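Peer 1: all I have is the shape, not the residue letters:
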């Protein structure tokens, strides 16, 4: 997975997509001095974003490799990569889960207040999109641009967060976590039984209105349909001969929003406001003694976090075209964000994204769909081995029960191992090793190897 | 006594200023059979809430750990109990045999899971006591996740699921407790299900045992002292490590016993979903009562049970057309309780720290 050199051709090919803007900025920036310093500071970001930009084309190249006959048998690298690399659809899942987990980490990792009902804000964002698209929100016509309804969902989430926070921030620790969980469960039960949202509120509403479009509102040429919903695909982009499928369109479109949200949150954390958040986490009494009104700082952080959680929910609903209570408002959705945050590194904003990459990667290779590990084993292992009897079950049945769709089991094991042995998570441990943030230390480390 | 109230209400509502449905509702609420039914069912539900929550509160009381694997162990208890019942009973067994065997199963599973819980504490929880309490929550949560998925794998490999609840285990309930047609008690004309009476008796016995444990044994003393002032317990030179192991084991054992009871519950039964149901409801009860307080858990269980029973009746009567009413009420109770009294009804402010 060590692909760090961005393929310039492919980067060019995706220029049309806003996702590529960071990479192109980087290319252009080489010429001027101040910009060079800027890129130098953000080398880690450029590398990560570059990796995710080139990943889908790279994936299709690797999985498309033909099978080779090498005398003793056939080697099929394409099938191998297909089984072990995450597909683009799972990377889209990674994007909105990653953003949601980042927003969870924003409040839980930086102020130390575990927001156990964070799924409520994710759900508000998701339901706003679907209900607005179906024309069910008063004053919001069905064809309102996606960007506006997404921000509307964020604003509603901010209002909800202020209401919940006003009560919850009177408590700390376990009590705060339980109170936010209580509020979220009340919302969950309400939305599950609210006939207005759809004919079957238990299942949640389906998107029935016009296609949401990501882009600049009211500027047609800059609107990009979310692929899964609109089926938009672009053939032969700018005459380069490269086709961008509907899924890819969604991937890049959602990716841009996630990247923007990431940098917004990163800016906030590195601002004086963010320093106060960390001060609250480290010692709330002292932060108060220094003269900060910690209550309003906590409220502010909670509201911002809710906003980004709602954006994540909006992206999820727009991509899947539906929102169900169990996939948005439920306690387990918060739990996913928690798991991903711990694996990635709590208190590191980018960490949750890597945690969610691992999460989706496991989901993909352990899924029973095409490209999973189980189908790969079934096809490549010899027939004799598959029918070997192990404790009353054949080896094939064992594969089917232990691998097919069992991602939560292995994820749980990984999670427990991380809690026990890697408490700082992936990114936190890397930072501990480097002695600072990756963005700061990576250039120096690379310098050392260049000499 | 209550019956004499009804004519007065008849007069009060004769003017029909309120909507007819509401008036009817209030009128029928004050009928003795309705009140008796709501009260007995509420007590039965309270007993169930107490049974599923008491293990959680014991562990929190001494150790300050909110055990997120509690629900998962209740689920394990329900499945194991179901397996033992299905294997051990012949279809023709009578009511007495079934209940007697049930008691044996409860004892066996309690002993087994207490040992498992103690091993879990020694193996996984002990190495991380020096970290912030959050990591203990995370660890138990992870253990819960793994157990849930393992249960799913075993259940699907053995063909027990895909029914949402495992019907064979539910069928082991003695008919007298289970079917609405065979009613144990007829109170003021209210026909009350045997299961609720059974739950009340079982809950009362369990409450008595736990109360005796807390007040008459050394470990009970540790728990009570620990929930008042954990530092002081340590400072007094008590072997906290050993106490932690014992209490954590007991908490897990009690969680599993709760699961065995839910195996017969008409609305639950052994299923993977039991994990989160039990966990969330146990949280509500324990938090309302005050984390770590036995009395609080008992009182909160009664409050939540009564609220559940009342709202179930309100929905069943059609006064409010909202099927999620009981659940919403329970979590609203949690929210209101925390707003009014953050430390819970009988909680100590400091418990569990931060």
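Peer 2: Received the coordinates, thanks. Just so we're clear, the structure is a prediction, and the values are computed from it rather than from any experiment.

Peer 1: which residues of the stretch 1-150 of chain A lie near chain B?
Peer 2: With Cβ under 8 Å from any Cβ of the partner chain as the criterion, the stretch 1-150 of chain A meets chain B at residues residue A:114. Bear in mind the C-beta positions are built from the backbone N, C-alpha and C, glycine included.

Peer 1: pretty sure residue B:40 is touching residue B:198, no?
Peer 2: No: using Cβ atoms under 8 Å, residue B:40 is not in contact with residue B:198; the gap is 11.7 Å.

Peer 1: of the two, which one has the most company?
Peer 2: Between residue B:40 and residue B:198, counted using other Cβ atoms under 10 Å in any protein chain shown, the more crowded position is residue B:198 (22 against 19).

Peer 1: residues touching the more buried one, list them.
Peer 2: Counting by Cβ atoms under 8 Å, 6 or more residues apart in numbering or on different chains, residue B:198 makes contact with B:177, B:264.

Peer 1: how are the helices of the stretch 1-150 of chain A distributed by residue range?
Peer 2: Ranges of helices in the stretch 1-150 of chain A, per DSSP state H, counting those that start in this stretch, are A:8-13, A:21-29, A:33-41, A:43-63, A:77-84, A:88-108, A:119-133, A:146-168.

Peer 1: can you list the ones you listed in a markdown table and add distance to residue B:48?
Peer 2: Conversion of the helices of the stretch 1-150 of chain A to a markdown table gives the following (distance: least, Cβ to Cβ, whole Å):
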| stretch | distance to residue B:48 |
| --- | --- |
| helix A:8-13 | 60 |
| helix A:21-29 | 56 |
| helix A:33-41 | 59 |
| helix A:43-63 | 49 |
| helix A:77-84 | 47 |
| helix A:88-108 | 33 |
| helix A:119-133 | 27 |
| helix A:146-168 | 29 |
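
Peer 1: of all the ones you listed, which one is nearest residue A:404?
Peer 2: Closest to residue A:404 of the helices of the stretch 1-150 of chain A is helix A:77-84 (Cβ to Cβ; 12.8 Å).

Peer 1: pLDDT (mean, whole number) over that closest one?
Peer 2: Per-residue pLDDT over helix A:77-84 has a mean of 77.

Peer 1: check which residues of it are buried.
Peer 2: The neighbour-count check on helix A:77-84 (16 or more other Cβ atoms under 10 Å in any protein chain shown) flags A:78, A:79, A:80, A:81, A:82, A:83, A:84 as buried.

Peer 1: same check on stretch A:252-268?
Peer 2: For stretch A:252-268, a neighbour-count test (16+ other Cβ under 10 Å) marks A:252-259, A:261-262, A:265-266, A:268 as buried.

Peer 1: related to what we said a few turns ago, closest one to residue A:279 among the helices of the stretch 1-150 of chain A?
Peer 2: So among the helices of the stretch 1-150 of chain A, helix A:88-108 is nearest, using Cβ to Cβ, at 14.8 Å.

Peer 1: can you give me how far that closest one is from the chain middle?
Peer 2: Relative to the chain's own centre, helix A:88-108 is displaced by 2 Å; criterion: Cα atoms, centre = their mean, to the nearest Å.

Peer 1: quick check: the two most widely separated of the buried residues of helix A:77-84?
Peer 2: Largest separation among these by Cβ to Cβ: A:78 and A:84, giving 11.4 Å.

Peer 1: what about the stretch 101-250 of chain B, any weak spots by pLDDT?
Peer 2: Low-confidence regions of the stretch 101-250 of chain B, defined here as pLDDT under 70, cover residues B:159-164, B:176, B:178-191.

Peer 1: tell me where it has strands.
Peer 2: B:185-187, B:190-192 (DSSP state E, counting those that start in this stretch).

Peer 1: ok so, going back, of the buried residues of stretch A:252-268, which belong to strands?
Peer 2: Per DSSP state E, strands hold no members of these.

Peer 1: which of the residues you listed fall within helices?
Peer 2: Mapping the buried residues of stretch A:252-268 onto helices (DSSP state H) picks out A:252-259, A:261-262, A:265-266, A:268.

Peer 1: closest one of those to residue B:254?
Peer 2: Among those, residue A:265 lies closest to residue B:254 (Cβ to Cβ), at 42.5 Å.

Peer 1: please identify the residues of the stretch 151-300 of chain A in proximity to chain B?
Peer 2: Applying Cβ under 8 Å from any Cβ, we find that the stretch 151-300 of chain A lies next to chain B at A:167, A:170-175, A:178-179, A:181-183, A:185-186, A:189-190, A:192-193.

Peer 1: put the buried members of these into a PyMOL selection.
Peer 2: In PyMOL, a selection of the buried entries from these looks like this (16+ other Cβ under 10 Å):
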select buried, chain A and resi 167+171+173+174+175+178+179+181+182+183+185+186+189+190+192+193
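
Peer 1: can you point me to the longest helix in the chain?
Peer 2: As the question left the chain open, I've gone with chain A. helix A:294-320.

Peer 1: wait, chain B was what I had in mind.
Peer 2: Identified as the longest helix of chain B according to DSSP H is helix B:32-63.

Peer 1: now do the buried residues in it.
Peer 2: For helix B:32-63, burial by neighbour count (16+ other Cβ under 10 Å) applies to B:32-63.

Peer 1: where does pLDDT dip in chain A?
Peer 2: For chain A (pLDDT under 70), the answer is A:1-33, A:71-73, A:209-244, A:368-371, A:384, A:386-387, A:390-393, A:450-451.

Peer 1: in it, which residue is most central in space?
Peer 2: Nearest to the geometric centre of chain A sits residue A:98, at 2.3 Å (Cα atoms, centre = their mean).

Peer 1: in terms of contact, does that one touch residue A:259 like I think?
Peer 2: No: checked against Cβ under 8 Å, the pair residue A:98 and residue A:259 is beyond contact range at 10.6 Å.

Peer 1: how near is residue A:341 to residue A:126?
Peer 2: 20 Å (Cβ to Cβ, to the nearest Å).

Peer 1: neighbour count: those two, which is higher?
Peer 2: The residue with more neighbours, out of residue A:341 and residue A:126, is residue A:126; 32 against 26, by other Cβ under 10 Å.

Peer 1: ok, now how distant is the more buried one from residue A:119?
Peer 2: Distance from residue A:126 to residue A:119, by Cβ to Cβ: 10 Å.
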